[in-house]
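*Asks:* any chance you could fold what I've pasted below:
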Amino acid sequence: MPDSTSPHLTPEELEIQARAEKATPGPWFWRKCYEMGDRTKHWALKNAESETNGRVLNLPFISFDSWSTPEQWRRQPDVIFIEAARTDIPKLLDSLAAVRRELAERQWIPVSERLPDENQRVFFYTHVSAIREGAYYNDYFWDEIGNWSKPFVSAWMPRQPLPAPPVQEPRK
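*Replies:* Here you go, the predicted model:
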């Protein structure tokens, strides 16, 4: 789970995260609890732990008619969603926080806030509204044309590595 103080989750997502952390550990699944005289079967949502110690999750019972089988109602989308929610939500929150961390690292950094490390490869934005690629060296931003002094550069960002090249099929 991401840190609860993560700036990469919105307040609403932090609330979802808190609910997920407080919930009974998953995975969850449905089990028959008892049959009533009216032939109604009662089922409860449980987790693996409740199977060993007889503890049932603190959720309302769900009744199904005697002719409904677990195989029939377990295929219903709501039941599938509820069963998967306990493990899906933490995974989704982790993924969301990772994407937001990566996006935060790709933001322009004003030179008034911070300068790149010496010899760091960067993209920089010049006073002539041009994005240049180069490096920061000896108190200047350098590109293929030459150097740009700090007053002419307003922002920079670390140069991101390119993804792997596409796989090309051999020519026939």
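
*Asks:* please count neighbours and contacts with C-alpha atoms only from this point.
*Replies:* Noted.

*Asks:* tell me the helices and strands packed up against the longest helix that the chain contains.
*Replies:* As assigned by DSSP state H, the longest helix anywhere in the chain is helix 77-104. Secondary structure elements in contact with helix 77-104, counted by 3 or more CA pairs under 8 Å, 6 or more residues apart in numbering; DSSP states H and E, are helix 11-22, strand 28-35.

*Asks:* least reliable of these going by mean pLDDT?
*Replies:* If you rank the helices and strands packed on helix 77-104 by mean pLDDT, strand 28-35 sits at the bottom with a mean of 65.

*Asks:* could you chop the chain up by domain?
*Replies:* For the chain, automatic domain parsing gives the domain ranges 11-104, 109-158.

*Asks:* still on that earlier bit, pull out the buried positions in the longest helix of the chain.
*Replies:* Within helix 77-104, the residues scored as buried using 16 or more other CA atoms under 10 Å are 83, 85-86, 89-90, 93, 96-97.

*Asks:* again with stretch 117-126
*Replies:* Those buried within stretch 117-126 under the rule 16+ other CA under 10 Å are 121-126.

*Asks:* among those, name the ones in strands.
*Replies:* If you go by DSSP state E, the buried residues of stretch 117-126 have 121-126 in strands.

*Asks:* could I get these in a markdown table, plus columns for distance to Gln160 and pLDDT?
*Replies:* Shown next, in a markdown table, are those (distance: CA to CA, whole Å; pLDDT from 0 to 100):
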| residue | distance to Gln160 | pLDDT |
| --- | --- | --- |
| Arg121 | 9 | 91 |
| Val122 | 8 | 92 |
| Phe123 | 9 | 92 |
| Phe124 | 13 | 92 |
| Tyr125 | 15 | 91 |
| Thr126 | 19 | 86 |
